[in-house]
Each structure stands twice: as C-alpha cells, then as structure tokens.
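Colleague: how does the following fold in three dimensions:
(chains A, B, C and D)
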2 protein chains.
Amino acid sequence: MARPTMNDVARTAGVSLKTVSRVVNGEPTVAPDLAARVRAAVESLDYRPHLGASMMRRQDRRTRTIGVLLEDVSNPFSAALHRAIEDQARSRGVHVLVASLDEDERRERDLARAFRQRQTDGLIVAPTASDQSYLTRFTGTPVVFVDRGPSGFQADTVVSTNVAGAAGAVRHLVAHGHRRIAFLGDYQRIPTAGDRFRGYLQALGGRAGPVLHDLHGEVAAERATLALMRRAGAPTALFTSQNLITIGAVRALRRLGRHHQVALVGFDDFPLADLLDPAVTVVAQHPARIGRAAADALFERIDGHDGPPREIRVATTLIPRGSGELPIRGS
Amino acid sequence: MARPTMNDVARTAGVSLKTVSRVVNGEPTVAPDLAARVRAAVESLDYRPHLGASMMRRQDRRTRTIGVLLEDVSNPFSAALHRAIEDQARSRGVHVLVASLDEDERRERDLARAFRQRQTDGLIVAPTASDQSYLTRFTGTPVVFVDRGPSGFQADTVVSTNVAGAAGAVRHLVAHGHRRIAFLGDYQRIPTAGDRFRGYLQALGGRAGPVLHDLHGEVAAERATLALMRRAGAPTALFTSQNLITIGAVRALRRLGRHHQVALVGFDDFPLADLLDPAVTVVAQHPARIGRAAADALFERIDGHDGPPREIRVATTLIPRGSGELPIRGS
DNA sequence: ACATCGAAAGACAACGTTGTCTTGGAGTAG
DNA sequence: CTACTCCAAGACAACGTTGTCTTTCGATGT
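Modeller: Residues are numbered from 1 along each chain as shown, chains lettered A, B, ... in the order given. Next comes the predicted model:
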C-alpha cells in the first residue's frame, strides 16, 4: 500500500538497488536486458522517484521550479506576464509556482521567503513593497524584477519605458491642440505611477493641468473623473496612467455624455479598447515581451551568469485609435 | 558557503541536533533559554530546513502544494478560476503550481504526471484531453475537475449549468421575437461546447437555425460570422457559445454595420461587455465561484473525505444589456 | 536519606536516493 | 596460459531530517 521505493523495484526486477537508480537516471552503463526488466518493474509498480530523497543526495540542487510573484494573476497585464514566463519555463522543463500580492507588502516578503524555502531555483517578482532589502539574504536564489524596479536591493529588472511612454502620450495630446491635460494616476508609492507622472510633467513643462493621484481601481477612477469634469475649468483631455483608471475614466465620460468631446490617452492597452466608441488610444506595454525577457534573464542567472544587475527596458507603443485624436471643443 | 544544516545550528547554539529539530518544529518540550539560543543561531546562520529531508522522514507526507491545470492562464476565464483557487489555497497556507494546456491532450497528461511526481497534495484540472483514464493510477492524489467534465475517470467536478444557461439565452432571443437564431460554437470535442449546443437545440426544438461548429478563437469566429451574415437567409439573431466567439461576432457585425440590427447573446461574460455599443447581453458564468468550489472540494478530499464523486453545478446568470434585446428588423 | 517518577535533552537509526568504491568476469596482449 | 585492462553491477556510506529510545537530573513522597 505504501508508495513503492527503488528497493521494491530492484526486488521485483531481480537486480540491485543501484542498477535501478542507474536506469531511472538514464545512465548508459546498464545492459539492455537488465534495463528492460527494470523498466517493466517500474511500470508494473507505478514507481515514481521520491524527489525529496533524490534532491538530498544530488549535487545539482535544482528543483526545476521557479516562483513568480505578481500583482494579481486575474488582471490581464499580470496574466500576460505569467503566460510569457510559463512559456519560457516550459521550454526548459521548469515548473512555475505563482501567487498574487494585491499590493500587500507583507505578502510579498512572506511569499518570497516561502517560495525560497521550497527551494525554487529562482524568483520573478513584480515588487509591491517599498523596500526589497529583505532579499539581500537570498544568496543562491537569483531574483529578477518585472514591471517595477526594486528599492534597497539590486537585481536584473525588466520594465517598460514608462517615462518616455507617458511623455509620448501627452505630447500626442498636445499635438492635437490640447493644453489643459489632466493626469490621473495610481498610488504614488508605486514606482511606475511616479515614472509616468514624471513623463507627463516632462511633456508639459510648466503647463501641467489638474493632477489626481492615488486612484486605485476602476471605481475610484470613475468617481474622480466625474468630479473633475464637473468642476469649472475642466480639462479638454485626460492622460490616464493605468489600465483600470482608463476604464473608469471611460465610464465617467460616458455617463456625462462627453466621450466624444474629451480626448483620452491611456497607459497600458486592454482587450476591446478598439471596440469602444470612440476606440481608446493607448500607450501599449508589451507584457509578453517583458515576461519573456524576465524569464530569460532569470534562467541566465540560474545557469550561473554572474554579471552586475541589468536593467532591460521594453519600449512602449502608442496606438492611436480615436479617443486620443479628438480635437478641442468648447466646454 | 554551503547551506547550513541543523547540525551547524546545533553546534553554534551548543545543543544537540534533536533539540534544534524540536525548536524548529515548535515542540513545547524545550527549555526557554535553550530555545532562545537555538532561534538566535537559526537567525544568524539564516538556516532554513531542507524540505526534501524533512519530507522523507515525516509521516504526514504533505507538500502543502496543489497543481492547477487550466486552458490558458492569460484568458480571463482561466485567470479568474486561478485567482479564486489561489485565494482558497492561501487561506490554508497552500501554494499553487499552475500551467496552461492550450487544448493539447498530451500536455495535460504530461503535466498531470509531472505535478503528481512533485508530490502535489492534489490536482485541479480543466480537462482538455478526450480521455482522463490515465488518472486511474493517481491513487493517493485527489483530483477535481473544473469547467469541463472528465471522461473515462470519475472525480468531483465543478461546472456551470451549460445546457440550461444556453437554453435560457436562446429562449431570451425567442422571447424578443427571433426565429432564425444561429449557433456559433467552439470545437465540438470540447464537452462544454456540446452541452451549450444541446441547450440551444432544446430551446428551439425543431426550428434550429444555421449552425456553425468548430470555431476556435476570435479570428475564426469573425470570419465565419461575416460569411454567415452575407449569405441569403441570414439569421436575425446569434447565440455565440463562448467568449472569444462572441467578440469575433461583435467585430464582424461592426464591420458589416449591422450591430444594431442583429441580436446577439453570448455565453460567458467578458470585461467591458457593458461598454460596447450595443452593450452585449451574456449568460455569465461565475468563475470565481467555480474556482472556489473546486478548491473547497479538493481540500475536503485532501483532508480525507471519501465519498462518491460529486458533481457541483454553478448556475449561470443572464445579463440583459442591449444586444440581446434588439427586435427583429427586415434584412 | 533513598526510591520513584517525570520531563528535558541527547543518542541513534531510519527515510529513499545517489556518489564512490569494490567486486567479478569477460576480453586482450604477451 | 597468465597477467592485465576494462566495464557492468553491486555494496556501502552519506545526504539532512524526524521518530524512538535512552540517559540525565531535579523534584517528590515516604
């Protein structure tokens, strides 16, 4: 009833324990007939090696598993990252442990520790905590950051060109004649939110329009946009610096019936953006490329690459679809 | 340089190996001062127990890890399932290994075996293969199916009420006067596609309209819809029995400029369906509930519940938004 | 003061596997 | 025919931990 061991296999095959080990590990120094008998015994007993025991003896201490910590696996951006990482891992026969952080600093630390304790060969983290210095203890477990840069700890990092992308979005609005351009952003403590705000400022110089920070999620963004557009001197264009904020703003403009008057460029593409009316102009990130680059970097480190921390920057793409090309109209 | 062991901790704390083991495992029979010394040593050496070795000796052979095999973690339905499962797992301190199957039968088998080999405590599978009988060997590793029922093997299964949901959608169209209602479905071998088709037939009795099977993905659906709507005797309403098919059909109707003429009900909700024009009426599934129920069932089994296989059915919800309420118009 | 008991702490074996060393027997050269 | 080489296959220890058994020592009861 208990799980069969190599010894059981050896007994039924009539060979020594070690011979079974050799066959299971594909060592070539086994006579074909013995190997066949062993394989038959393995099959008949449904033997599967005990990884714990195996791990303990092996030199190469690899679990062929990596850990991935993302913001929320059910959000399209994280999900695309996840998928790209999975694909790279699959091609190397590596499995993936995933968890969502939900902007919870403590969860980041706890899960990073827990994954490492499971001896994942490496970790990919979209950092949420304000400080990653807890990772300095993680000798022997390479870490790569995605989407956001770390602080208090250096490692390979793969990010979008947030500043440049945001600046490009805002310049696009300026090119269509807009001067009062509002900024709507997520929690300021999120590094990418800060970067995108900097891009916005850069593009506008002194002429920055109304600025709304710390909008987290669709509902908050919708509410804030409604208030913003109702007050005097409302902007003629919006730059929404995150996915859900963009959608919230779209809802608000709809409710006000001003979706064809107020121009809008969002940071980060989202499904069906092209089917809305007007279709939403966005600065698209490329989560698949980002995820792939992060996985590649991690595997390089796992394979022993030992250079200084790298920052890999993945360019964004402005996709004009209509909402960003609306001309100014009198309010 | 090598990873510290309990022995190293014991030496620096000046106690025996076994005492360290007791402290690490929280056994109460250790004098407070010794325990404190041990904890200090653990801290200073950054000792982490070797799970492999631990697993080997323990009776309770639990890795506190489950495996989850989904269609594609980057598709919103799978991602929502994943997230719900993760949440249940988190509340039990269990980690999650995830992988995407992409309708690849072999991958399902290989990954199920690989996950089991990693001694996951249980498995949640959205089956893609035509036959799950390979699971009969999986004694000791409970399995729960989500989204689709298995064949050739019985286990707890959590599915939407596909037949009833589809029938309801079609009756809704009938109630708005439609008689020529087309069915657009995914690969017929997918059990849910079959179920939804049966619901469609059930609602229409003899009067079934044009039927298009084996549309996989947005592009195929769009192309098929274009062709369908251009031919003589085109339907006045569409029932699209899957997410991406719905979106493909929406695109096609747009391109034809007939999105306000042809009624549409889709199976499975999708983000922004309410923001399209017209907003898309759907039969919503509840992936969060499904995932949660599946995780609950799995953990019950892991905890030793040993009843006959259960089928848990999660009701769908018809959400009228506009596209399904369009009246008939002359073509 | 001595026997008895109990609790804490240590000694030791065992888990299932792999690394290394040893054995044995066939093959080859002189 | 002997001596040597080579290679497959087995014996055995070791990995880091926990279960069980034993020892130690102080407390308790008479």
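Colleague: all helices for the stretch 151-300 of chain A, in order.
Modeller: Secondary structure of the stretch 151-300 of chain A (DSSP state H, counting those that start in this stretch): helices at A:162-175, A:191-204, A:218-230, A:243-256, A:287-302.
Colleague: what's the first-to-last distance across stretch A:45-57?
Modeller: Start-to-end span of stretch A:45-57 (CA to CA, to the nearest Å) is 24 Å.
Colleague: circling back to that earlier point, any chance of the helices of the stretch 151-300 of chain A in a markdown table, plus mean neighbour count?
Modeller: In this view, the C-beta of every residue, glycine as well, is placed from N, C-alpha and C. What follows is the helices of the stretch 151-300 of chain A, written out as a markdown table (neighbours: other CB atoms under 10 Å in any protein chain shown):
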| stretch | mean neighbour count |
| --- | --- |
| helix A:162-175 | 21 |
| helix A:191-204 | 21 |
| helix A:218-230 | 18 |
| helix A:243-256 | 23 |
| helix A:287-302 | 22 |
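Colleague: quick one, which of these is nearest to residue A:42?
Modeller: Comparison of these against residue A:42 by CB to CB identifies helix A:287-302 as nearest, at 29.5 Å.
Colleague: can you tell me which helices and strands the least confident helix or strand in chain A by mean pLDDT packs against?
Modeller: Averaged element by element with mean pLDDT, DSSP states H and E, chain A has its least confident helix or strand at helix A:51-57 (a mean of 88). Helices and strands in packing contact with helix A:51-57 are listed as helix B:51-57; criterion 3 or more CB pairs under 8 Å, 6 or more residues apart in numbering or on different chains; DSSP states H and E.
Colleague: can you list contacts of the helix it packs on?
Modeller: Contacts made with helix B:51-57 from outside it, assessed by CB atoms under 8 Å, 6 or more residues apart in numbering or on different chains, are listed as A:50-56, A:117-119, B:61, B:63, B:119.
Colleague: which ones, among those, also lie beside DNA strand C?
Modeller: Of the entries in those, the ones placed beside DNA strand C under the rule of CB under 7 Å from any atom of the strand are A:50, A:53-54, A:56.
Colleague: which among the residues you listed count as buried?
Modeller: When these are checked for burial by 16 or more other CB atoms under 10 Å in any protein chain shown, the buried set is A:50, A:56.
Colleague: ok, the ones next to DNA strand C among the contacts of helix B:51-57 vs DNA strand D, which is closest?
Modeller: Using CB to the nearest atom of the strand, residue A:56 is the member of those that lies nearest DNA strand D, at 3.9 Å.
Colleague: residue B:186 versus the closest residue to DNA strand C within the stretch 101-250 of chain A, what's the distance?
Modeller: Across the stretch 101-250 of chain A, no residue is closer to DNA strand C than residue A:119, which sits at 15.2 Å (CB to the nearest atom of the strand). Counting by CB to CB, to the nearest Å, the gap between residue A:119 and residue B:186 amounts to 40 Å.
Colleague: the more surrounded of the two?
Modeller: More neighbours sit around residue B:186 than around the other of residue A:119 and residue B:186, counting by other CB atoms under 10 Å in any protein chain shown; the figures are 26 against 19.
Colleague: enumerate every residue touching the more buried one.
Modeller: Contacts for residue B:186 (CB under 8 Å, 6+ apart) come out as B:192-193, B:213-216, B:241-242, B:245.
Colleague: a markdown table for these, including pLDDT?
Modeller: Formatted as a markdown table, the contacts of residue B:186 follow (pLDDT from 0 to 100):
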| residue | pLDDT |
| --- | --- |
| B:192 | 95 |
| B:193 | 96 |
| B:213 | 97 |
| B:214 | 97 |
| B:215 | 97 |
| B:216 | 94 |
| B:241 | 96 |
| B:242 | 95 |
| B:245 | 97 |
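Colleague: and which of those is nearest DNA strand D?
Modeller: Nearest to DNA strand D among the contacts of residue B:186, counting by CB to the nearest atom of the strand, is residue B:192 at 44.3 Å.
Colleague: closest one to residue A:3 among the helices of the stretch 151-300 of chain A?
Modeller: Shortest separation from residue A:3 across those is recorded for helix A:287-302, at 29.9 Å, computed as CB to CB.
Colleague: can you spell out which helices and strands pack onto the closest one?
Modeller: Secondary-structure packing of helix A:287-302 (3+ CB pairs under 8 Å, 6+ apart): helix A:76-91, strand A:122-125, strand A:143-146, strand A:156-160, strand A:311-314.
Colleague: got a list of contacts for it?
Modeller: Applying CB under 8 Å, 6+ apart, the set of residues contacting helix A:287-302 is A:62, A:66, A:77-78, A:80-85, A:87-89, A:92, A:94, A:121-124, A:142, A:144-147, A:156, A:158-160, A:310, A:312, A:314.
Colleague: which among these count as buried?
Modeller: Among those, those buried by neighbour count (16+ other CB under 10 Å) are A:66, A:77-78, A:80-85, A:87-89, A:94, A:121-124, A:142, A:144-147, A:156, A:158-160, A:310, A:312, A:314.
Colleague: restrict the residues you listed to contacts with DNA strand D.
Modeller: Within the buried ones among the contacts of helix A:287-302, nothing lies near DNA strand D by CB under 7 Å from any atom of the strand.
Colleague: quick one: contacts for the residue of the stretch 101-250 of chain A closest to DNA strand C?
Modeller: For residue A:119, the set of contacting residues under the criterion of CB under 8 Å, 6+ apart consists of A:55, A:61, A:63, A:65, B:51-52.
Colleague: how distant is the least confident helix or strand of chain A from the center of its chain?
Modeller: Going by CA atoms, centre = their mean, to the nearest Å, the spacing between the C-alpha centre of helix A:51-57 and its chain's C-alpha centre is 31 Å.
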